[in-house]
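Asker: one predicted model, sequence on top.
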Amino acid sequence: MRIWRICRARFAAEAFSGYGARRFGGRWNSPGVPMVYSSSSLALAAIELFVHLEPNQQPDDLIAISAALPEGEPAQRLEPEHLPPAWWTDDFDPLRAIGDKWIQEKRSLAIEVPSAALRMEWNVLLNPEHPAISHIRIEKPQPFHFDGRMFRKSG
């Protein structure tokens, strides 16, 4: 399976380390728990990043990184009907408990989770502490630019 991440160029070397998510936490992990957030397509990766950007500030230093997961990964998918009600809201605690447990148990390198931004699409979480993390094939980062029409002009 091919996965995608978009990040600032200065973070390219650590894009698959889980450092940023460990530092700040996210929907699926608590602060202090490393996790790599990726998407099943470049378009979804763009939407996932876009929902976190300031409406009038278009970043000019983004890169897209593609990676191939080892055969058989992701080994698990969390279907929406098995998640807490309204899992897509800002109540992260129930999802963090699920993600933290998954990281701790190290049962798989990757797990598919539904996207809160586009609920019919799938993100792929990676466990950077899983032994198979060294088997992902990370491609060379490529410059990434959003269309300027996606950002409001101030003034």
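Answerer: Alright, I've got the coordinates. Quick caveat, the model's predicted, so the values are computed rather than measured.
Asker: hang on, Pro94 in a strand?
Answerer: No: Pro94: not assigned to a strand; according to DSSP: H, G, I helix; E, B strand; the rest coil it is helix.
Asker: isn't it right next to Pro84, touching?
Answerer: Yes: with contact defined as Cβ atoms under 8 Å, Pro94 and Pro84 form a contacting pair (4.2 Å). Every residue, glycine included, has its C-beta placed from N, CA and C.
Asker: Lys106 - how many residues pack around it?
Answerer: Neighbour count of Lys106, defined by other Cβ atoms under 10 Å: 12.
Asker: just give the nearest non-adjacent residue to it, would you?
Answerer: His130 (5.2 Å; Cβ to Cβ, 6 or more residues apart in numbering).
Asker: just checking, the one you found touches Ser108?
Answerer: Yes: contact criterion Cβ under 8 Å: His130 and Ser108 qualify, at 7.1 Å.
Asker: where's the residue nearest the centre of the chain relative to Ser115, distance?
Answerer: Central residue of the chain (Cα atoms, centre = their mean): Tyr37, 2.0 Å from the mean position. According to Cβ to Cβ, to the nearest Å, Tyr37 and Ser115 sit 10 Å apart.
Asker: which strand residues bridge the closest residue to Ser38 other than its chain neighbours?
Answerer: Leaving aside its sequence neighbours, Ser38 sits nearest to Ile3 (Cβ to Cβ, 6+ apart; 4.1 Å). Applying DSSP bridges to Ile3 gives these bridge partners: Ala67.
Asker: list the contacts for Ile3?
Answerer: Contacts for Ile3 (Cβ atoms under 8 Å, 6 or more residues apart in numbering) come out as 38-40, 66-69, 110, 124, 126.
Asker: in helices, which of these fall?
Answerer: Using DSSP state H, no member of these falls within helices.
Asker: redo the residues you listed as TSV? Include neighbour count and distance to Pro59.
Answerer: Below are the contacts of Ile3 laid out as TSV (neighbours: other Cβ atoms under 10 Å; distance: Cβ to Cβ, whole Å):
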residue	neighbour count	distance to Pro59
Ser38	25	18
Ser39	23	17
Ser40	18	22
Ser66	17	19
Ala67	19	21
Ala68	14	26
Leu69	20	27
Ala110	24	27
Val124	25	23
Leu126	29	23
